[in-house]
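[1] the following comprises the amino acid sequence and a computationally predicted model.
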Amino acid sequence: MNNKYELIYEGKAKKVFTHDDANKVKIEFKDEATAFNALKKEKFEGKGKLNCLISARIFEILIKNNIPTHFIELENENTMIAKKIKVIPLEIVLRNTAYGSLCKQTTIKPGTLLSKPLIDIYLKNDELNDPLLTKDRIELMNILSSHDLELIINLTLQINVILKSFFKNIQLQLVDFKLEFGYDFTNNIILGDEISPDNCRLWDLNQNDIIVSLDKDRFRNDLGGLIEAYTEIHRRINDFLKPN
């Protein structure tokens, strides 16, 4: 990144830089993979590029379906230009199938298809290990109004319908995913962060009898083949979206 752009924020997977336009930022995707609140870390050559390209295509699909997002365009294969947002410190997790922490915290068996999507909301706070919140706690902490929370929940449900259908078309089951939102400079709530195999659980529908993860669980669970899995998702997306 050119030195004239200042680093605003560095997270586990991305760096955010200033842009010539004060209402925009440059988001550079990193090759690091982290899990368990960064207790586990590793670098994978090419991961940042794959996540950037996958996110860009998915944001384009959402924008076409009238979902407001921060994405503007790709600057290069590793960096996107996005609207500058004031991030809401909540992680919105939508689950279509039971897996991961839901199964550790309840009696629901892994792989159970949920009768309707479950939305879990977590406080975005590494020091507190991103605790699960209730609506009343969100109100108590003055994080955002009940009206804005409702708006975020409705947007998340709409996004789920769009993404479930899209991923099914490329033989992937959308198990669950994490979203982050923020306020743009006109104070509208828009989707931020990224949508990639880093924050979506995606199972290969070509494998009927066994769960084959094509997402960050390959790193979390020491399955290997992370870059191969992300490359496969990128290939399927491009094959599906390329003009006839």
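    Sure, I can see it. Residues are numbered from 1 along each chain as shown.

[2] mind giving me the packing neighbours of the lengthiest helix in the chain?
    Of all the segments of type helix in the chain, defined by DSSP state H, the longest one is helix 146-169. The helices and strands touching helix 146-169, judged by 3 or more CB pairs under 8 Å, 6 or more residues apart in numbering; DSSP states H and E, are helix 47-64, strand 90-97, strand 113-123, helix 135-140, strand 172-179, strand 189-191. No exception for glycine: its C-beta is placed from N, CA and C like everyone else's.

[3] hmm, who's touching whichever helix or strand comes after the last one?
    This points to strand 189-191. Proceeding N to C from strand 189-191, the next assigned helix or strand is strand 200-204, under DSSP states H and E. Around strand 200-204, the neighbours that count as contacts under CB atoms under 8 Å, 6 or more residues apart in numbering are 97, 99-100, 163, 167, 171-178, 211-215, 217, 233.

[4] could you give the angle of strand 200-204 to helix 47-64?
    Strand 200-204 runs at 90 degrees relative to helix 47-64, counting by axes from the mean of the first three to the mean of the last three CA atoms, to 10 degrees.

[5] buried residues in strand 200-204?
    200-204 (16 or more other CB atoms under 10 Å).

[6] ok, now stretch 10-24?
    For stretch 10-24, the neighbour count (16+ other CB under 10 Å) marks 13-17, 19 as buried.

[7] buried subset of the contacts of strand 200-204?
    97, 99-100, 163, 167, 172-178, 213-215, 217, 233.

[8] quick one: average confidence on the helix or strand hosting Phe17?
    In this assignment (DSSP H and E), Phe17 forms part of strand 14-18. Across strand 14-18, pLDDT averages out at 97.

[9] can you list contacts of that strand?
    Strand 14-18 is contacted by residues 1, 5-10, 25-30, 194 when judged by CB under 8 Å, 6+ apart.

[10] does anything pack onto the next helix or strand after that strand? Which helices or strands?
    Next helix or strand after strand 14-18 toward the C-terminus (DSSP H and E): strand 24-29. Helices and strands touching strand 24-29, as assessed by 3+ CB pairs under 8 Å, 6+ apart, comprise strand 14-18, helix 47-64, strand 79-83.

[11] could you list the buried residues of the longest one?
    Within helix 47-64, the residues that qualify as buried by neighbour count (16+ other CB under 10 Å) are 47-59, 61-62.

[12] measure the residue lying closest to Ala229 once chain neighbours are set aside to Lys12 for me?
    Among residues not flanking Ala229 along the chain, Leu214 sits closest, at 4.1 Å (CB to CB, 6 or more residues apart in numbering). Distance of Leu214 to Lys12, given as CB to CB, to the nearest Å: 20 Å.

[13] what's the domain layout of this structure?
    Following automatic domain parsing, one finds the domains of the chain at 7-83, 86-241.

[14] end to end, how far does the longest one reach?
    Domain 86-241 has an end-to-end distance of 32 Å (criterion: CA to CA, to the nearest Å).

[15] find the nearest non-adjacent residue to the residue positioned nearest the centre of the chain, please.
    The chain has Ile195 as the residue nearest its centroid, 3.5 Å off, counting by CA atoms, centre = their mean. Of all residues not flanking Ile195 in the chain, Ile58 sits nearest, at 4.5 Å (CB to CB, 6+ apart).

[16] fine by me, thanks again.
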